[in-house]
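Enquirer: Sharing a sequence plus its predicted fold:
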Amino acid sequence: MDRLQAMQTFVKIVEMNSFSRAADVLGMPRASATIIIKNLEAHLKVNLMQRTTRKMNLTPEGAQYYERCVRILSDIKENEDALASTGRGPQGPLRVDMPGSIGRLIIAPRIMEFKERYPDINLSMGFLDRPLNGTQSAVDCVICSGYRHDPGFVRRSLGEAAMLTVASPIYLERNGMPKDLDELRSHYAVHYHSNITDRTIAHNFVIDAVPKEVKMKSSLKLGDLEAYVACGLVGAGIIQAPTFLLQDHLADGRLVEILPQWKPLPVPVSVQYASDRHLVGRVRVFVEWTAQVFKECCGMSAEETSERNYPGVHPFNELLSSL
């Protein structure tokens with residue numbers, strides 16, 4: 001069995017939702033297309049399609065296999081075009097996942113720069129707060145926060161996002177400005193609560209290169225970072241969040257930084273992709289473009305501090321992964 005021909009035939013049948021129309025486009029008899037799919041299903045030992053006289057539906061396995069075939073065929077075409085020196089840039093589908101706040105505030109506002117530079121890349125962005133893993137076959141790369149790194153994936157550091165401790169003028173007028181860390185114990189905090197681990201994250205400050213938790217009175221617990229910031233804006237309590245999420249609110253005076261001499265633990269940000277994707281042009285150019293965007297982003301430092309320098313980092317991983 002010619003596996004490449006089988007993949008091409010399968011993809012064309014799915015796209016046209018018809019064996020007959022796909023066979024005509026591919027220049028083969030309908031019977032040949034039917035035999036190719038039957039042999040492919042026998043080889044894979046799964047049913048790819050559910051066929052009736054009126055319609056055709058993909059099975060879950062068929063849908064997954066279709067996505068992989070589209071990516072493989074696109075990679076082959078891209079490599080052939082490069083060897084043929086057609087002058088065309090990277091092309092084909094590119095699926096990227098990233099945390100919602102990073103996608104909405106950093107990537108999306110500049111995405112037309114990428115689209116104008118690489119018009120033949122069909123980009124799909126998912127705002128999902130999860131690391132890349134082996135089950136995400138359709139995802140080419142992810143932007144991650146925290147120190148997560150799954151074996152088998154390449155990790156490219158994008159730097160560190162500075163974190164700030166802030167409160168609204170409404171809150172400070174009502175409760176006063178804390179002068180040191182000890183005074184924070186009598187103040188109210190809005191806490192981030194991880195829906196994954198069911199843990200509430202205490203505020204932290206880096207003291208002598210070691211992050212320390214500071215216990216405060218609990219005002220609210222939220223599992224969404226942008227709702228968490230919104231509660232800080234209305235005076236519900238003191239919050240800690242990345243600079244890029246706070247900068248506009250600080251500029252217009254709706255939030256005020258407190259205890260600037262003690263900063264919270266910075267958040268490392270990286271882009272990760274499967275090791276077999278590093279030679280694919282569209283993945284490579286997206287990674288390079290993303291690195292430049294983060295380099296120019298307010299509140300991002302180019303260097304990333306090693307996790308080994310922060311022996312207390314693990315208690316805060318849930319908050320880091322929420323960005």
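Expert: Nice, thanks for sending it over.

Enquirer: Could you pull out the strands in the stretch 101-250 of the chain for me?
Expert: Counting by DSSP state E, counting those that start in this stretch, the stretch 101-250 of the chain forms strands over residues 121-127, 141-145, 153-161, 163-167, 188-194, 199-201, 203-207, 210-214, 217-222, 239-242, given from the N-terminal end onward.

Enquirer: For the ones you listed, which has the smallest mean pLDDT value?
Expert: When mean pLDDT is averaged over each of the strands of the stretch 101-250 of the chain, strand 199-201 scores lowest at a mean of 79.

Enquirer: Can I get the strands of the stretch 101-250 of the chain in CSV including mean neighbour count and distance to G62?
Expert: For every residue, glycine as well, the C-beta is placed using N, CA and C. Compiled in CSV, the strands of the stretch 101-250 of the chain are given as follows (neighbours: other CB atoms under 10 Å; distance: least, CB to CB, whole Å):
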stretch, mean neighbour count, distance to G62
strand 121-127, 15, 20
strand 141-145, 26, 25
strand 153-161, 19, 26
strand 163-167, 24, 45
strand 188-194, 22, 36
strand 199-201, 17, 39
strand 203-207, 20, 47
strand 210-214, 16, 48
strand 217-222, 16, 40
strand 239-242, 27, 41
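
Enquirer: Reformat the ones you listed as CSV; add distance to E41.
Expert: Listed next are the strands of the stretch 101-250 of the chain as CSV, based on distance: least, CB to CB, whole Å:
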stretch, distance to E41
strand 121-127, 28
strand 141-145, 31
strand 153-161, 31
strand 163-167, 52
strand 188-194, 42
strand 199-201, 46
strand 203-207, 54
strand 210-214, 54
strand 217-222, 48
strand 239-242, 48
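
Enquirer: so where is the stretch 1-150 of the chain shaky, pLDDT-wise?
Expert: The model of the stretch 1-150 of the chain has pLDDT under 70 over residues 52-54, 78-88, 129-138, 148-150.

Enquirer: Do you have the helices of it handy? List them.
Expert: 3-16, 19-26, 30-44, 60-83, 100-102, 111-117 (DSSP state H, counting those that start in this stretch).

Enquirer: ok so, going back, go through the strands of the stretch 101-250 of the chain and name the closest to R282.
Expert: strand 121-127 (4.9 Å; CB to CB).

Enquirer: ok, now which ones touch the spatially most central residue of the chain?
Expert: The central residue of the chain, meaning the one whose C-alpha is nearest the mean C-alpha position (CA atoms, centre = their mean), is M98 at 1.5 Å. Contacts for M98 were tallied using CB atoms under 8 Å, 6 or more residues apart in numbering; they are I107, M125, G126, F127, L128, V142, I143.

Enquirer: Just grab the bridge partners of it for me.
Expert: F127 (DSSP bridges).

Enquirer: quick one: it from S270, how far?
Expert: Between M98 and S270 the distance, using CB to CB, to the nearest Å, works out to 11 Å.

Enquirer: Now do the shared contacts for those two.
Expert: Listed as contacting both M98 and S270 by CB under 8 Å, 6+ apart are I143.

Enquirer: To R21, which of the strands of the stretch 101-250 of the chain lies closest?
Expert: Between R21 and these, the tightest spacing by CB to CB is seen for strand 121-127, at 22.3 Å.

Enquirer: Tell me the gap between the closest one and the middle of its chain.
Expert: Between the centre of strand 121-127 and the centre of its chain there are 11 Å (CA atoms, centre = their mean, to the nearest Å).

Enquirer: Can you tell me what sits against it?
Expert: Strand 121-127 is contacted by residues 90-100, 103-104, 107-108, 111, 114-115, 139, 282, 285-286 when judged by CB under 8 Å, 6+ apart.
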